[in-house]
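J.: Sequence first, then the predicted structure:
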Amino acid sequence: MGGFEPPVDSAPLPSVEQVVGKRKKKRNVNEEHRESLSTMERYALWITESVGTMGFFVLILVWTVVWMGWNYAAQRYHWPGVFDAPWQFAIWLFVSNLIQIHLMPLIMVGQNLQSRHAEARAEKEFEVTQQTEREMETVLRYLAAINRRLTEIDDRLRGLEDRAG
């Protein structure tokens, strides 16, 4: 019959039950990760996922533009009691820096938690890949055995046809 023939393995072919029996119990690493998080870790992840969005960036940008625009217009049009004195602008900078200083370590904690989740998913994917590889090798061995058997049957049929006539 020709075609692809994987190398012949002298080991006996395992049964389907044996192959399936070697499978590891299915587990959802996403649920396992979610259940392993403490309340503080959930909060850190929520902050990380919220701050790391364009919506948060736009919020901070709008806040800054409105603050600066309002104060610029107040100075330009001499609106009474609205313009920031230099020390008040320093307060705005201080508040902005406080937000950044507090968010930075919190975001790092969230990123570590996300990394832990990614590692668990990668490990599970590796296990599944290894299992698939073992099962595919078994399937290829079965196909090779079937191919050998079909070749033997084909050779016998040709022999019978040649004798018959």
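T.: Sure, I can see it.

J.: Name the single longest helix found in this protein.
T.: helix 86-164 (DSSP state H).

J.: Do me a favour and average the pLDDT over it.
T.: Throughout helix 86-164, pLDDT has a mean value of 88.

J.: same thing with stretch 36-56?
T.: Mean pLDDT, computed over stretch 36-56, is 87.

J.: What are the contacting residues of it?
T.: If you take C-beta atoms under 8 Å, 6 or more residues apart in numbering as the criterion, stretch 36-56 is touched by 103, 106-107, 109-111, 113-114. Where you see a C-beta, it was placed from the backbone N, CA and C, and this is true even at glycine.

J.: Out of those, who's the most crowded?
T.: Among those, the one with the most neighbours (other C-beta atoms under 10 Å) is Gly110, at 23 neighbours.

J.: Which element, helix or strand, includes the closest residue to that residue other than its chain neighbours?
T.: Take Gly110 and drop its neighbours on the chain: the residue closest to it by C-beta to C-beta, 6 or more residues apart in numbering is Thr48, 2.6 Å away. Counting by DSSP states H and E, the element that carries Thr48 is helix 39-51.

J.: report the angle between the axes of that helix and helix 86-164?
T.: Here helix 39-51 points in a direction 90 degrees away from that of helix 86-164 (axes from the mean of the first three to the mean of the last three C-alpha atoms, to 10 degrees).

J.: quick one: buried residues of helix 39-51?
T.: Neighbour-count burial for helix 39-51, with 16 or more other C-beta atoms under 10 Å as criterion, is recorded at 44-45, 47-48, 51.

J.: Export those residues to TSV and append columns for distance to Val128.
T.: Output for the buried residues of helix 39-51, formatted as TSV (distance: C-beta to C-beta, whole Å):
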residue	distance to Val128
Ala44	29
Leu45	25
Ile47	32
Thr48	28
Val51	33
